[in-house]
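Trainee: Sharing a model prediction with you, sequence too.
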Amino acid sequence: MAEKLTKEIAYKEFQKFFQDKPFVLFGTGMSCAIDNNFGMAALEEELKCKMEKESLSNKQKKEWDGVLQSLENFVDFETSMNMVSDEDLINKIVKITGAFVSTLDREHSVKILNGDGIWPASTLFKKLVDKTPGTDRELHVATPNYDLLAEYGFEKNGISYINGFHGGVIRHLDWEQSRRSITYGEKTVTGKRVKMVTRERRHVCLYKVHGSLNWFLMNNDLIENNSWLYTIPPDGTERLIVTPGLSKYKKLHQNRRELLGKYDTAVEKHNFFLFLGFGFNDNQLLNTAFLNKLKGQKCNGLIITKETNNKIDRLLDEADNLWLVCQEKADTIIKNRKYSDPLILENENLWKVDVFTRKILGG
């Protein structure tokens with residue numbers, strides 16, 4: 001008979017996990033914890049509203065009407081967007097999405113940087129980065145989010161990070177130069193000899209696998225430019241964000257080396273995976289190698305999210321060492337397939353990342 005799960009067992013397992021360095025994947029839930037308008041429901045309404053004012057060709061109108069009909073039939077937004085394939089229509093969707101999310105980003109950037117708002121995982125990331133070993137000072141982190149809320153949280157909390165870009169106003173993708181930007185010289189003394197050694201600061205290596213509000217394609221070159229973050233990109237440039245629907249896979253394929261190459265390598269090197277506010281709806285991110293880590297190799301995994309769904313529940317049934325911490329009414333529920341029943345923590349909100357950090361990792 002399966003062992004009964006207790007609070008003591010769960011807390012002990014969580015603390016044991018964090019003796020290892022995780023690969024962290026955070027999703028929309030981390031932004032929605034600050035403002036629900038970052039969620040898919042708000043984006044769906046924005047696209048419905050703004051697309052009514054757009055001049056569409058017959059083909060575009062047919063595709064968009066297909067999206068609306070699918071939504072009326074209670075098909076989820078991500079799947080409904082699979083109806084779109086027209087390039088010009090995709091570009092309209094990108095422009096509307098970019099403008100909408102950038103407006104939210106601008107509002108909350110000021111709050112986070114001024115200390116009037118808090119990105120909820122800031123304390124957790126500070127702890128994870130600070131405890132990286134001297135021989136491997138890099139915490140690998142991925143997100144499909146376009147917004148820069150995490151980056152503002154890193155800045156506010158003194159967490160160094162790189163994302164592969166290097167340069168001045170216009171930054172180009174160069175991982176080697178990006179990594180050099182977080183190095184420093186340190187004097188070491190051996191006997192009578194003084195030697196200058198180059199060290200890396202402890203830092204986050206951030207993979208924005210669906211692009212970012214400040215990423216653009218200019219002359220077929222992927223660049224980062226904060227000066228265009230809250231404006232309409234100049235003629236000849238295209239904001240690089242991968243919007244919902246099958247069309248995103250084309251974008252990912254076209255820019256796979258830039259967006260996913262380093263990410264794939266990092267996944268392979270890890271044995272502990274931490275998911276924050278991630279709904280497991282993205283098949284591209286959950287590639288074969290990733291799922292094999294959780295299911296085939298039985299690596300440790302921990303999901304912390306407000307709401308569960310069918311995909312998460314199925315994955316829990318297939319992965320021996322995967323844990324879920326989520327909300328159930330006013331309580332927290334903890335699940336792992338090895339135990340007979342879920343653990344319910346009444347009137348506790350351990351599913352909130354800042355609360356989890358305080359109770360499990362202390363401070």
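Mentor: Structure's in. What do you need? Predicted model, so just to flag it, every value in this text is computed and none were measured.
Trainee: how about the strands of the stretch 201-350 of the chain, start to end?
Mentor: Applying DSSP state E, counting those that start in this stretch to the stretch 201-350 of the chain gives strands spanning 203-208, 211-218, 221-224, 237-241, 272-276, 300-304, 322-328, 331-335, 343-345.
Trainee: Mind putting these into a markdown table with distance to residue 164, mean pLDDT and mean neighbour count?
Mentor: C-beta here means a position set from N, CA and C on the backbone, and glycine is covered the same way. What follows is these, written out as a markdown table (distance: least, C-beta to C-beta, whole Å; pLDDT from 0 to 100; neighbours: other C-beta atoms under 10 Å):
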| stretch | distance to residue 164 | mean pLDDT | mean neighbour count |
| --- | --- | --- | --- |
| strand 203-208 | 8 | 95 | 22 |
| strand 211-218 | 10 | 92 | 23 |
| strand 221-224 | 9 | 90 | 18 |
| strand 237-241 | 13 | 89 | 21 |
| strand 272-276 | 21 | 96 | 22 |
| strand 300-304 | 26 | 97 | 24 |
| strand 322-328 | 29 | 96 | 20 |
| strand 331-335 | 36 | 97 | 20 |
| strand 343-345 | 40 | 96 | 16 |
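Trainee: Point out the one among the ones you listed that comes closest to residue 86.
Mentor: strand 237-241 (15.5 Å; C-beta to C-beta).
Trainee: what's the offset of that closest one from the middle of its chain?
Mentor: 19 Å (C-alpha atoms, centre = their mean, to the nearest Å).
Trainee: Tell me which other helices or strands that strand touches.
Mentor: Contacts defined by 3 or more C-beta pairs under 8 Å, 6 or more residues apart in numbering; DSSP states H and E place strand 237-241 against helix 87-114, strand 211-218.
Trainee: Deepest-packed of those, please.
Mentor: strand 211-218 (a mean of 23; mean count of other C-beta atoms under 10 Å).
Trainee: In JSON lines, list the helices and strands packed on strand 237-241 along with distance to residue 309.
Mentor: JSON lines is the format used below for these (distance: least, C-beta to C-beta, whole Å):
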{"stretch": "helix 87-114", "distance to residue 309": "22"}
{"stretch": "strand 211-218", "distance to residue 309": "24"}
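Trainee: The spatially closest residue to residue 219 that is not a sequence neighbour - how many residues pack around it?
Mentor: Leaving aside its sequence neighbours, residue 219 sits nearest to residue 236 (C-beta to C-beta, 6 or more residues apart in numbering; 7.3 Å). Using other C-beta atoms under 10 Å, residue 236 has 9 other residues around it.
Trainee: cool, and residue 187?
Mentor: Residues contacting residue 187 under the criterion other C-beta under 10 Å number 8.
Trainee: Also residue 172?
Mentor: 14.
Trainee: Repeat that for residue 176.
Mentor: Residue 176 has 8 neighbouring residues, counting by other C-beta under 10 Å.
Trainee: Quick check: the gap between it and residue 205.
Mentor: With distances taken as C-beta to C-beta, to the nearest Å, residue 176 is found 13 Å from residue 205.
Trainee: Report pLDDT for the residue sitting nearest the centre point of the chain.
Mentor: The residue lying closest to the centre of the chain (C-alpha atoms, centre = their mean) is residue 143, at 2.0 Å. Looking at residue 143, its pLDDT reads 94.
Trainee: just checking, it touches residue 28?
Mentor: No - using C-beta atoms under 8 Å, residue 143 is not in contact with residue 28, being 9.1 Å away.
Trainee: Quick check, residue 183 in contact with residue 202.
Mentor: No - in this structure, residue 183 is not within contact of residue 202 by C-beta under 8 Å, at 11.8 Å.
Trainee: Give me the more crowded residue out of the two.
Mentor: The residue with more neighbours, out of residue 183 and residue 202, is residue 202; 19 against 12, by other C-beta under 10 Å.
Trainee: Hmm, residue 132 and that one touching each other?
Mentor: Yes - assessed by C-beta under 8 Å, residue 202 is found in contact with residue 132 at 5.0 Å.
Trainee: who touches both of those two?
Mentor: Each of 138-139 lies in contact with both residue 202 and residue 132 under the rule C-beta atoms under 8 Å, 6 or more residues apart in numbering.
Trainee: still on that earlier bit, of all the strands of the stretch 201-350 of the chain, which lies closest to residue 190?
Mentor: Going by C-beta to C-beta, the one of those nearest residue 190 is strand 203-208, 27.0 Å.
Trainee: which neighbours does the closest one have in its sheet, and in what orientation?
Mentor: strand 138-143 (parallel), strand 160-162 (parallel) (DSSP bridges).
Trainee: Is residue 186 in a helix, a strand, or coil?
Mentor: When classified by DSSP: H, G, I helix; E, B strand; the rest coil, residue 186 comes out as strand.
Trainee: thinking again about what came up before, pipe the strands paired with strand 203-208 into JSON lines and attach distance to residue 211 per row.
Mentor: Output for the strands paired with strand 203-208, formatted as JSON lines (distance: least, C-beta to C-beta, whole Å):
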{"stretch": "strand 138-143", "distance to residue 211": "11"}
{"stretch": "strand 160-162", "distance to residue 211": "17"}
